[in-house]
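S.K.: just the structure for this:
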Amino acid sequence: MSIPKTSYTPDDPKDLPPARRRRAQRGLIPEEFQGEAQEVESYAHQTSPSFDFFLFSLLSGAILTAAILLDSPALLVLGALAAPLMSPYLGISLGTVTGSVKFFTQRLSAALVAGSLVFLTGLLGGYAARVYDLSELVFVPSFTQIHWTHILLLAVGALFTTLGITQPKASPHLPSAAIAYELLIPLTAAGFGLSSGIEGLWPDGLVVYATHLVVLALVGTAVFLLKGIRPLSFLGYTVGSLVILLAVLGLIGLTSMGAIIGGNVALPTGTPTPTATSTPVPPTATPSQTPLPPTDTPSPTVPSPTSSFTPSPTPSATLKPTPFYGEIAVSEEFAGVYIRSEPSLDSQILTSLINGSLVEILDPAPEYDDQNRSWLRIRYEDAEGEGEGWVLENLISISTPVPNW
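M.R.: From the prediction side, this is the model:
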């Protein structure tokens, strides 16, 4: 009679065969918990970074860099679609939920390495922009601003990608592209701005990338918790809680840093706002009634030589026409505009004004730069006082004060 063979599993992981010991070290679940957490181990396997993950991250960064150079929104979408499955980024959330410090560190390191490759491609593209003398971009700067639409798209992508990882037959590639769209474009733009010197990209893009990464980790953590995944030990609860707390504090801090760093992320001060709120219709220009001279009133009391000269300076001082006003008005994506010292995008930035700020237009006739852009000379008021500068004409809403404006 033959006795069926049984396989012996030692209790001490040190007594395991070398192959199983290495596999246990790479896994999320310790060997003693394998029987209880096979489902979690399958999730961990799906978030494991492969060589393709890094290779396609580099490819996506190259396409996104080309999109920035060409200022092409279509190529931005293509770059996001070419990105790998972003599941290793969600491995950060899985490590947080299970409380595995080792697993959390491995997935975070993989995400940072892939991000560094993308940042490097943007850095090289910025040097190319110097060669081609590229100094202005239209579409990309909107990705280096913290905006609720980008946060919403990222949250939806994180939600459905995490659900796709937890469903055996689901395909999370399309929502994963939304994650790549919101993570990799700001990161590429940050590297591009660092080497090219184009304003509004560095360090704004890096702040947006870090903020989006924290949002992604929090959304993924919430989904895994709702799926019933719990830490494997009491220490895991402590580690997971600490990571979540640090993520929330980091999100608050990064958002505030974005408000300080870039004028396009959020303007540093709102002092011009009281001026902007009281913006009734600009006063009607009535220059014909203003310069009325005081006729012959001085003649009875002042000798004739003096009276002939007294009225003449008075009209010259009061002949100044009623000032013309305009209001800073740009699209919702931008918080305000830059005021420059000369009618050129290469000139010095004097200050920044938020939407709704009231400015006085000193000369209705615009100046044109070498790119045929029209500029208006204005007088403004900010936290440092009153000043004069130039702003693009199409960024000001003007109520026509006189005919033939």
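
S.K.: contacts for stretch 337-346, please.
M.R.: With contact meaning C-beta atoms under 8 Å, 6 or more residues apart in numbering, stretch 337-346 is reached by 135-136, 199, 263, 328, 330, 347-353, 367-371, 373, 375, 377-378, 380, 387, 389-392, 395. Where you see a C-beta, it was placed from the backbone N, CA and C, and this is true even at glycine.

S.K.: any of those residues buried? List them.
M.R.: Among these, those buried by neighbour count (16 or more other C-beta atoms under 10 Å) are 199, 263, 328, 330, 350-353, 369, 373, 375, 377-378, 380, 389-392, 395.

S.K.: in strands only, show me those residues.
M.R.: Applying DSSP state E to these, the entries found in strands are 328, 350-353, 375, 377-378, 380, 389-392.

S.K.: mind checking the longest helix of the chain?
M.R.: Identified as the longest helix of the chain according to DSSP state H is helix 101-131.

S.K.: can you give me the buried ones in that helix?
M.R.: Taking 16+ other C-beta under 10 Å as the criterion, helix 101-131 shows 103-104, 106-108, 110-111, 114-115, 117-123, 125-126, 128-129 as buried.

S.K.: and it, average pLDDT?
M.R.: Across helix 101-131, pLDDT averages out at 90.

S.K.: report how many residues lie close to residue 46.
M.R.: 16 (other C-beta atoms under 10 Å).

S.K.: test my guess that it contacts residue 87.
M.R.: Yes: the criterion here is C-beta atoms under 8 Å, and residue 46 meets it with residue 87 at 5.5 Å.

S.K.: list residues touching both of the two?
M.R.: residue 165.

S.K.: report the buried residues of the host helix or strand of residue 194.
M.R.: Secondary structure from DSSP states H and E places residue 194 in helix 173-196. Neighbour counts over helix 173-196 (16+ other C-beta under 10 Å) mark 175-196 as buried.

S.K.: do the same with stretch 331-346
M.R.: For stretch 331-346, a neighbour-count test (16+ other C-beta under 10 Å) marks 334-340, 343, 345 as buried.

S.K.: spatially, which two of these are the most separated?
M.R.: 335 and 343 (22.5 Å; C-beta to C-beta).

S.K.: give the residue spans of the stretch 301-405 of the chain that score low on pLDDT.
M.R.: For the stretch 301-405 of the chain, applying pLDDT under 70 flags the ranges 301-322, 399-405.

S.K.: try 90 this time
M.R.: 301-338, 341, 343-376, 380-387, 390, 392-405 (pLDDT under 90).

S.K.: for it, which segments count as helices?
M.R.: Remark: helices assigned in the stretch 301-405 of the chain by DSSP state H, counting those that start in this stretch are 304-309, 313-318.

S.K.: okay, now the domains of the chain?
M.R.: For the chain, automatic domain parsing gives the domain ranges 31-261, 269-284+320-405.

S.K.: what about the residue lying closest to residue 67 once chain neighbours are set aside, which helix or strand?
M.R.: Nearest non-adjacent residue to residue 67, counting by C-beta to C-beta, 6 or more residues apart in numbering: residue 75, 3.3 Å away. Element membership for residue 75, per DSSP H and E: helix 73-81.

S.K.: now do whichever helix or strand comes after that helix: which elements does it pack against?
M.R.: As assigned by DSSP H and E, the chain's next helix or strand after helix 73-81 is helix 87-98. If you count contacts as 3 or more C-beta pairs under 8 Å, 6 or more residues apart in numbering; DSSP states H and E, helix 87-98 packs onto helix 38-46, helix 101-131, helix 148-166, helix 173-196, helix 204-226, helix 234-261.

S.K.: helix, strand, or coil at residue 146?
M.R.: coil (DSSP: H, G, I helix; E, B strand; the rest coil).

S.K.: thought it was touching residue 208?
M.R.: Yes: Residue 146 is within contact range of residue 208, at 5.8 Å (criterion: C-beta under 8 Å).

S.K.: with neighbour numbers in mind, choose between these two.
M.R.: Each of residue 146 and residue 208 has its neighbours counted (other C-beta under 10 Å); residue 208 has more, 29 against 20.

S.K.: hmm, the more buried one is touching residue 188, no?
M.R.: No: here residue 208 does not reach residue 188: they are 11.4 Å apart, not a contact under C-beta under 8 Å.

S.K.: thinking again about what came up before, give me the contacts around the helix holding residue 75.
M.R.: So helix 73-81 is contacted by 60-61, 63-64, 66-67, 139-140, 177-178, 180-181, 184-185, 188 (C-beta under 8 Å, 6+ apart).

S.K.: what's the farthest-apart pair in those residues?
M.R.: Maximum pairwise distance in those, criterion C-beta to C-beta, is 20.7 Å, between 66 and 178.

S.K.: low-confidence ranges, the stretch 101-250 of the chain, go.
M.R.: 101-105, 107-108, 126, 128-147, 163-174, 196-203, 217-218, 220-250.

S.K.: okay, the residue lying closest to residue 181 once chain neighbours are set aside: pLDDT?
M.R.: Nearest residue to residue 181 in three dimensions, chain neighbours excluded: residue 80, at 3.8 Å (C-beta to C-beta, 6+ apart). Listed pLDDT for residue 80 reads 93.

S.K.: distance check, residue 80 against residue 162.
M.R.: 18 Å (C-beta to C-beta, to the nearest Å).

S.K.: please name the nearest non-neighbouring residue to residue 130.
M.R.: In space, residue 130 is closest to residue 196, 6.0 Å off (C-beta to C-beta, 6+ apart).

S.K.: got the contact list for the one you found?
M.R.: 125-127, 129-130, 134.

S.K.: reformat the residues you listed as TSV; add distance to residue 221.
M.R.: Below are the contacts of residue 196 laid out as TSV (distance: C-beta to C-beta, whole Å):
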residue	distance to residue 221
125	34
126	34
127	38
129	38
130	41
134	40
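
S.K.: closest to residue 222 out of these?
M.R.: The closest of the contacts of residue 196 to residue 222 turns out to be residue 125 (C-beta to C-beta; 35.4 Å).
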